[in-house]
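1. let's see this in three dimensions:
(chains A and B)
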Amino acid sequence: MTLLAPNPSSAGDAAAALEVHVLADRCAGCQECVIRCPAGALSMNERLWIAEADAAACVGCRQCERTCPFSAILVEGMPDVAPRTLERSHHPGSLLGDASEIRLGFATLEEAQAEAARCLACPDPTCARGCPTHNDIPAFVAAIVRGDLVEAHEILRRTTVLPDVCSRVCDQASQCEGACSWTLAGGQPVAIGRLERFVTEVAPVPPLEVRGDRADLSVAVVGAGPAAIGAAWALREAGASVTVLERDAAPGGLLRWGIPDFTLPAAVADRPWAQLVEAGVVLELGHEVDADELEALRREHDAVVLCHGASQPLRLSVPGADLDGVTDATTFLKAGRATLAGEQPLAELRAAFGLAAPVAGRRPSVLVLGAGNTAMDVARTARRLDMDAVCVDWLNEAFALARPDELAEARAEGVEVRFQRTLARLDGRDGRVARAELSCTEQQRPDRRPTVYTDANEQLEVDLVVMAMGYRIEPTFSASLPAAPVRRQAVGIPDRQWAASGLLAATAHRPGRQPIGQLALGRQHAVEAATLPVQDRVWVAGDALVGPSTVVEAMAQGRRVAAAILAAGPRRPGAERHGGPLRVLVAYESQGGTTAAAARAIGDEMSALGATVRILPLGRVGVTEVVACDLLLLGSFVEGRIVAGVRPARAARRWVEGIGRLAGKQVGLFCTYAVAPKQALELWSAQVEAAGAHVLGTAAFHRRVVGDHRAGLAAGHFARRLVTAAAPV
Amino acid sequence: MALDTRETPVHLEDPVVRSMHLRAPERTGLAARFAASDPSPGLDLARNPRVARLLRNRKFQFLLILPNQIVFWTVIFVGLLGTAIPGLNFGAAITWYVWFCLVFVMMVVVGRAWCAMCPFGGFGEWIQRRTLFQRTQKALGLGRKVPEPIARYGFVIPVASFLLLTWIEEFFNIAGPGNPADTAWMVVGIVASALTFFLVFERRSFCRYFCPLTSLIGTVGSMGSVAGFRTRDREVCLSCTTKDCMRGGTDGFGCPWYTWPGSADSNLACGLCTECYKSCSEDNVGLFLQKPLTSVVAPRRRRADVAWAVALLFGLVLYQQINATNVYNSVDTWLNSHMGFPHYPNPVAYLAIIVALAAVLAGITRGFSAVLARRDLELAAPGGFADRRSRFRAFFVPIAYGLIPVMGADYFARQLPKFFKHAARVVPSVQHIVGFSGTGSPIYATRLLGDPSIVVVQVAVIALGTLGALWATWRITGRELVPVSRSVVGVRVATTGLVVVAGLAAAILYVAMHAAS
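-> Coordinates of the predicted model:
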């Protein structure tokens, strides 16, 4: 076995050209660059207390540029990294009826190790943030370099249950590989996806092992897609009893019917459910849950997880859209998959879609609306079913939603993809679609809607139109879900750790591409949103929460929901409660220290009453802290103009606004004041209750009381009142 | 006992944290480096809950800026539209009789107090941040960094802009004060240029690199007793991996002045804006007091740009004293007649004298280094303009720092005549805005102090500054020059003598100015 140097350079010239400039006037000596430099090229100049660089050791990853808070470092020159290993793919001689996998992994361990050796093992790995489920990429890649694939597999399984699936279907360019330091520095990323696939090909995912002791927990999961897999796996692994209710005849959701075999072989797609069922997950197929049954599930189980997906296809409302021969992607893909798997003859499929058999070399022509990944799957499936396929999308190709490699493969297979076109109308003959009229569009920026020019139309003869523009959430559980899908977009001041990693830095953004850091942070926002229940003991994950997303995102959300359930430990009415102490979180907003002192006083009293208490400033309290407590105690000083506008601190109100949901959470509120609290607590109670919480009690403490011997007395009274009212879960 | 823990429930641990393996920060020599400059923990004003509340309030700086903003927009409007009599025009009166003097008092006592309330920077910052006081995320403007070729010269660029502004002010007799409209236009010019810089560059690049006053306030302000916002526990800062004080946190922006409380060893670049205090998630930043002159004496990193700024600024104020003497009048007139320049001040003489005075100071210290430096001294060290080392710099830079008190005193003393003679005119100038009072008002003619007494006060101020400089120079010499000198006595005598000569020169010039007037 050959172990390669950590960063084998094939570009000696580039190494020589690398220059690092520390701007002495702006460098404050904070060492953010020093602690994050993967090459150890930065150290401190003791005399000046500023960073100094060893250009000879620099590899040009520009991590320092991105992480310096004052932009005091400049790196000149190209990244010093070996070329990325070329991707391998399988080219079938004839596409007709061929469902064999197109993309191939590494052939040998040596090949994988050569690629793995390109990894810098960044101390603050941006790739791990780019991965929606936060795989420990540097660690598993390092294990591959060592040749320890078992360890690599174990590292992956800490954060994912679908490594074999994700390595095939993820758009790594907008996730881990897009966030790779080499990519951010303008180079070629480490082939993380292929390395993950290599690990799972050599060492298949082992059976689910029940390790935990949470047999007292019963959870119902609605749906059987990637989110459900993520949730069910983590819950079952912890020992919970899990019942999955799926309306289709086979589990898997999108994995099953949405992704063709040539991208995700059936054996890989079916693996998770086979292992889940084997591990004791109860799977009820053909069981459609409606809103009424949801209530019954809540009564029967400690928690319910809704993972019913977003499977309602979007349809373009153009003239002629209701003609025969216009269908949606789901219908076409399901039929296509069955035909390619030999479960349904091709003639039957043609008949189902009203298509004639090819005559004199003229194949049926399929117009696919959209050029995202689903559209590519439709078009490529059509090519395998002996049809011509044209995809049209009103987006600019530079901002295309499809994976670049998927797009290239589709074109190589004869799919015609026309960007900056949109369907204007469909004309029919004898009630069946026959011609499509396309309008040209123009899109200058990815965040702008394209402009449609109706004066420059094109005609296209078509036999079948497949609408593959996306999906939306089904309205079945609309009463239980947030009013609108959670936007995968982080708003406000970004998380501190994310900002410090450099992934959000302006220099991490490549012109003409979507800002990778914002994409990743948006995905993380969705994962955070999945943590809190939408109703008492009801969680939502996956496409049902955020609208159409990706396999890995749904799985990550499912895992997060499972973690939240395990941390919260919900109990259905009448179920035996655990005997542990009441878990109290005291969260305060303090300006001068008075409210913090009050929080400590109350916390001390609660602790003396036997509760487990955590005391944190509100700024440090997120969904993870909230979900893991039985009683949330919120404290704030009051602000306002003494007689008017007196209310809790703006930051405290905004925290409640930001957290959004406190469904079923037991909450106590307190405030500190200098003159009078007025209606501050009533206002705050109303806000907290609107978020779904039960307010158990409120108290106002005068600033002077907090500072003297009366503090303990007042806090003790309040603490006793709350502990009595709050039933330990 | 309640637990103040930050542990995350085991199931909900952030997986990324597990994949992070940050290197340990370097700590070698830290304690020794900051021992002299770190303020005492007992002098942390932010330990007081009332002060803490004030500093944490996002409206704090806004409320500091707002009154000055109102005053300066009034200066603009009254200067342009009000009476042409300078003493009755609020714009001219407040600016030249009171404001400049007050700014000096603030500098000497507090440091960059003016920067915290400056209406020029404040206005630019409001526009740049798109808010008056809230924590916003997206800034308006291009957000560029100051190019390194400019930034490397640190305080020298703002000295150049101060020299330019002073020449303009002298040429148009703005500060005389002459026509109040000129004062208004000058303020408009500063506001416009500040705004332009705020829209082109990020943070307070204008204040740090271009503001005409920044080098003066920075250097003179280092005499002040406010150390600025500093770390409470450096170890906490070192182990902090997010540096919210620099990047910005939920409650505060990142430091607009490019300063990290964890490594600040002087108040030179602390704008007292409170942002680091607000944004620190560890509550590890305090507002510290310090003994006067600590920021002159204690910093370990001596910067050549600061030294040259002191030399040039000293040159400027000495020039201003010299140009009030009879001798200079004839020189200037002679030069103007030969160069065809309309009137005082001749730009060539202006620049030549200032640069020559700075060069004289540099030359003297060069002489010190030639005579006194140890023969075996090897001080050559690479670095930028500010940090390069040489035998000359080993003497010039610390000595220039030691002269800051006498230079500051000289500037302050120069503002005193206008203050003592005309500060009372601010009252009738305010009354004049609303239509009554005039030059006949008894307050208009009131003087707080007469001419001979003013000179006495000026000389006393210089004496005080010289004493401060002597103390600072003695300390700096002992710590930084004695180890590199052949003769302890020699270097002590040389540096002390230089300070005395500088103080004497300034004092004598005030007497000469009085005689000339």
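2. give me the contact list for stretch A:361-368.
-> Stretch A:361-368 is contacted by residues A:350, A:355-356, A:358, A:375, A:378-379, A:382, A:386-392, A:423, A:436, A:460-466, A:468 when judged by Cβ atoms under 8 Å, 6 or more residues apart in numbering or on different chains. C-beta here means a position set from N, CA and C on the backbone, and glycine is covered the same way.
3. average model confidence for it?
-> When pLDDT is averaged over stretch A:361-368, the result is 89.
4. which residues in the stretch 151-300 of chain B form strands?
-> All strands of the stretch 151-300 of chain B, identified by DSSP state E, counting those that start in this stretch, fall at B:226-231, B:285-289.
5. from those strands, which stretch is densest packed?
-> Highest mean neighbour count among these (mean count of other Cβ atoms under 10 Å in any protein chain shown): strand B:226-231, with a mean of 27.
6. that one close to chain A?
-> No: using Cβ under 8 Å from any Cβ of the partner chain, strand B:226-231 stays clear of chain A, coming no nearer than 10.9 Å.
7. same for that strand, what does it pack against?
-> Counting contacts by 3 or more Cβ pairs under 8 Å, 6 or more residues apart in numbering or on different chains; DSSP states H and E, strand B:226-231 packs against strand B:285-289.
8. who does the strand it packs on touch, helix- and strand-wise?
-> When contacts are defined as 3+ Cβ pairs under 8 Å, 6+ apart, strand B:285-289 sits against strand B:226-231, helix B:275-279.
9. residues making contact with that strand?
-> B:39-41, B:43-47, B:51, B:55, B:225-232, B:245, B:261, B:272, B:274, B:276-277.
10. try stretch B:478-488
-> B:302, B:372-375, B:377, B:379, B:394-395, B:398-399, B:491-492, B:495.
11. mind exporting the C-alpha coordinates of stretch A:139-159 to PDB?
-> Extracted as PDB, the C-alpha positions of stretch A:139-159 are listed here (Å, rounded to 0.1, in the frame of the first residue of the first chain):
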ATOM      1  CA  ALA A 139     -11.500  12.600   9.700                       C
ATOM      2  CA  PHE A 140     -13.000  10.000   7.300                       C
ATOM      3  CA  VAL A 141     -10.700  11.200   4.500                       C
ATOM      4  CA  ALA A 142      -7.700  10.800   6.800                       C
ATOM      5  CA  ALA A 143      -8.800   7.300   7.600                       C
ATOM      6  CA  ILE A 144      -8.900   6.500   3.900                       C
ATOM      7  CA  VAL A 145      -5.300   7.800   3.600                       C
ATOM      8  CA  ARG A 146      -4.400   5.500   6.400                       C
ATOM      9  CA  GLY A 147      -6.200   2.700   4.600                       C
ATOM     10  CA  ASP A 148      -8.600   2.200   7.500                       C
ATOM     11  CA  LEU A 149     -11.900   2.000   5.700                       C
ATOM     12  CA  VAL A 150     -13.700   0.500   8.700                       C
ATOM     13  CA  GLU A 151     -12.900   3.600  10.700                       C
ATOM     14  CA  ALA A 152     -13.800   5.800   7.800                       C
ATOM     15  CA  HIS A 153     -17.200   4.100   7.700                       C
ATOM     16  CA  GLU A 154     -17.700   4.500  11.500                       C
ATOM     17  CA  ILE A 155     -16.800   8.200  11.200                       C
ATOM     18  CA  LEU A 156     -19.400   8.600   8.500                       C
ATOM     19  CA  ARG A 157     -22.100   6.800  10.400                       C
ATOM     20  CA  ARG A 158     -21.800   9.100  13.300                       C
ATOM     21  CA  THR A 159     -23.700  11.700  11.200                       C
END
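12. outline the domain layout of the chain.
-> Just so you know, I chose chain A. The record's domain parsing of chain A by automatic domain parsing lists A:19-76, A:88-202, A:218-310+A:473-568, A:326-471, A:583-725.
13. my question was about chain B, not that one.
-> For chain B, automatic domain parsing gives the domain ranges B:33-300, B:304-516.
14. looking at the ones you listed, which has the lowest confidence?
-> If you rank the domains of chain B by mean pLDDT, domain B:304-516 sits at the bottom with a mean of 91.
15. coming back round to it: so which of the contacts of stretch B:478-488 wins on neighbours?
-> B:F395 (30 neighbours; other Cβ atoms under 10 Å in any protein chain shown).
16. you'd agree that residue is up against B:V371?
-> No: contact between B:F395 and B:V371 fails when scored by Cβ atoms under 8 Å: they sit 9.8 Å apart.
17. follow-up on the earlier one: kindly write the ChimeraX command that selects the buried subset of the contacts of stretch A:361-368.
-> Buried members of these, defined by 16 or more other Cβ atoms under 10 Å in any protein chain shown, are picked up in ChimeraX with:
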select /A:350,355,375,378,379,382,386,387,388,389,390,391,392,423,436,460,462,463,464,465,466,468
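18. so which of the strands of the stretch 151-300 of chain B gets nearest A:G603?
-> Smallest distance to A:G603 across the strands of the stretch 151-300 of chain B (Cβ to Cβ): 24.6 Å, for strand B:285-289.
19. does A:A436 sit in a helix, a strand or a coil?
-> When classified by DSSP: H, G, I helix; E, B strand; the rest coil, A:A436 comes out as strand.
20. helix, strand, or coil at the residue lying closest to it once chain neighbours are set aside?
-> The shortest distance from A:A436 to any non-neighbouring residue, by Cβ to Cβ, 6 or more residues apart in numbering or on different chains, is to A:L460 (4.5 Å). Of the three states, A:L460 takes strand under three-state DSSP.
21. repeat that for the one 5 residues further on.
-> Three states are possible here, and by three-state DSSP the one that applies to A:V465 is strand.
22. ok so, going back, distance to A:L42 for the domains of chain B - can I get that in CSV?
-> Shown next, in CSV, are the domains of chain B (distance: least, Cβ to Cβ, whole Å):
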stretch, distance to A:L42
domain B:33-300, 15
domain B:304-516, 16
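23. comparing those domains, which comes out most buried?
-> Of all these, domain B:33-300 has the most neighbours on average by mean count of other Cβ under 10 Å, namely a mean of 21.
24. which one of the domains of chain A lies closest to B:L403?
-> Of the domains of chain A, nearest to B:L403 by Cβ to Cβ is domain A:19-76, at 22.2 Å.
25. can you give me the end-to-end distance of that closest one?
-> End-to-end distance for domain A:19-76, by Cα to Cα, to the nearest Å: 5 Å.
26. wait, does it contact chain B?
-> Yes: residues of domain A:19-76 contacting chain B under Cβ under 8 Å from any Cβ: A:21, A:23-26, A:28-32, A:34-37, A:40, A:43-44, A:46-49, A:69-72, A:74.
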